[in-house]
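Student: Give me a model of this one.
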Amino acid sequence: MRCQVQIRVNGKMREVAEGMTLSELLTHLKVHPLRVAVQLNTEIVKRERYGEVVLKEGDVVEVLTFMAGG
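Tutor: Next up, the predicted model:
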């Protein structure tokens, strides 16, 4: 059984499986990776790294959606 770690996603505390990647988190949240930018602990993560960045206890994730407008 995998352990859980506590992270903050868009301001809300959340428990996720230990070893979860950013890519897996986006899938879990039902968020399409091409429609968002992800900030991890104040740093923007390049999209091609989502599958290799593993979330750790206490991480702060902001999923930023793109807005169109004028």
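
Student: Show me where the protein dips below the pLDDT cut-off.
Tutor: 1-2, 68-70 (pLDDT under 70).

Student: ranges for the strands of it?
Tutor: Under the criterion DSSP state E, strands of the chain are mapped to 4-9, 12-17, 36-40, 43-45, 60-65.

Student: Of all the ones you listed, which one is nearest residue 24?
Tutor: Closest of the strands of the chain to residue 24 is strand 12-17, at 8.0 Å (criterion: C-beta to C-beta). (Glycine included, C-beta is placed from N, CA and C.)

Student: other SSEs contacting the closest one?
Tutor: Helices and strands touching strand 12-17, as assessed by 3 or more C-beta pairs under 8 Å, 6 or more residues apart in numbering; DSSP states H and E, comprise strand 4-9.

Student: same thing but 10 Å
Tutor: On a contact count with 3 or more C-beta pairs under 10 Å, 6 or more residues apart in numbering; DSSP states H and E, strand 12-17 meets strand 4-9, helix 22-28.

Student: Report the strands that pair with that strand, each with its relative direction.
Tutor: Take DSSP bridges as the rule and strand 12-17 pairs in its sheet with strand 4-9 (antiparallel).

Student: residues touching the residue nearest the centre of the chain, list them.
Tutor: The centroid of the chain falls nearest to residue 22 when counting by C-alpha atoms, centre = their mean (4.5 Å). Residue 22 makes contact with 33, 38, 40, 45, 47, 49-55, 59, 61, 63 under the criterion C-beta atoms under 10 Å, 6 or more residues apart in numbering.

Student: buried subset of the residues you listed?
Tutor: Buried members of these, counted by 16 or more other C-beta atoms under 10 Å: 38, 40, 45, 50, 53, 55, 59, 61, 63.

Student: Okay, and the beta partners of the last one?
Tutor: Read it as residue 63. Beta-bridge partners recorded for residue 63 (DSSP bridges): residue 38.

Student: so it touches residue 9, yeah?
Tutor: Yes: using C-beta atoms under 10 Å, residue 63 is in contact with residue 9, at 6.9 Å.

Student: shared neighbours, those two?
Tutor: Shared contacts of residue 63 and residue 9, counting by C-beta under 10 Å, 6+ apart, come down to 25, 29.
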